[in-house]
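Peer 1: Let me see the structure of the following:
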Amino acid sequence: MPNTLKTDRLILRPWQETDAGDLYEYAKSPEVGPVAGWPPHTSVENSREIIGTVFAEDNVYAVCLKEDNRAIGCAAITIGEKSNLNLPETEGEIGYWIGVPFWGQGLIPEAVRELIRYGFEELNLKKLWCGYFEGNNKSRRVQEKCGFRYHHTNRDMHWELMDDIRTEHVTCLTKEDWQSGILEGTVSTKP
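Peer 2: Predicted structure coming up:
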């Protein structure tokens, strides 16, 4: 059974088929998916299909408020070759999104900090990566808040899910930098 992770305000748990209605509610917004690299969901059935395929992978979590356990977003660690960055098995890529009504509340940084902790302490990964597409300043800010540092830029890349050309900025956080940041107080494990 996959892990359930908890923070002060959130539960990160495996997706369930019964989350399809909530997923569709937030994933249908044109403000969410396209900037993150995926098309808006078109129906509850489309969301159910995503839960049964894409979200059925290991370490893909529904981001839920503790107060009602309702799925309001998604956060994941994709390890090794399964990542978009074709990483070694000792490294992972973190991805995330949250529904528009929950923007600006610090919930995704809180979820990402927990995934970082989980990735380094429990999965024993050596390095974590993140990426954001040109213009996605909200995602860039999450990565900055969570201690990720700029690594490189992939320009003029074809992004298959959206069938367009994009520029992706890639950031990185090593286990050593994360541990040092906690000790020095420059990286927080709290929201």
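
Peer 1: Name the helix or strand for Gly131, please.
Peer 2: Element membership of Gly131, judged by DSSP states H and E, is strand 127-133.

Peer 1: May I have the strands that pair with that strand, each with its orientation?
Peer 2: Its sheet considered, strand 127-133 pairs with strand 91-98 (parallel), strand 164-174 (antiparallel) by DSSP bridges.

Peer 1: Highest mean neighbour count out of these?
Peer 2: Comparing these by mean neighbour count (mean count of other CB atoms under 10 Å), strand 91-98 ranks first with a mean of 23. Using the backbone N, CA and C atoms, a C-beta is placed for each residue, glycine as well.

Peer 1: What is the distance between that strand and the centre of its chain?
Peer 2: 3 Å (CA atoms, centre = their mean, to the nearest Å).

Peer 1: Mind giving me the packing neighbours of the helix or strand containing Arg117?
Peer 2: Per DSSP H and E, Arg117 falls inside helix 107-117. With contacts taken as 3 or more CB pairs under 8 Å, 6 or more residues apart in numbering; DSSP states H and E, helix 107-117 sits against strand 5-6, strand 10-14, strand 60-65, strand 71-79, strand 91-98, helix 137-145.

Peer 1: Would you tell me which of the strands paired with strand 127-133 gets closest to Val54?
Peer 2: Closest approach to Val54 among the strands paired with strand 127-133 is made by strand 91-98 (10.7 Å; CB to CB).

Peer 1: mind putting the strands paired with strand 127-133 in JSON lines, distance to Leu65 and mean pLDDT included?
Peer 2: What follows is those, written out as JSON lines (distance: least, CB to CB, whole Å; pLDDT from 0 to 100):
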{"stretch": "strand 91-98", "distance to Leu65": "11", "mean pLDDT": "97"}
{"stretch": "strand 164-174", "distance to Leu65": "26", "mean pLDDT": "94"}
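
Peer 1: So which of those is nearest Thr153?
Peer 2: Comparing the strands paired with strand 127-133 by CB to CB, strand 164-174 comes nearest, at 5.2 Å.

Peer 1: Now the helix or strand immediately after the closest one in the chain: buried residues?
Peer 2: Under the assignment DSSP H and E, the closest C-terminal helix or strand after strand 164-174 is helix 175-184. By 16 or more other CB atoms under 10 Å, the buried positions in helix 175-184 come out as Lys175, Asp177, Trp178, Gly181.
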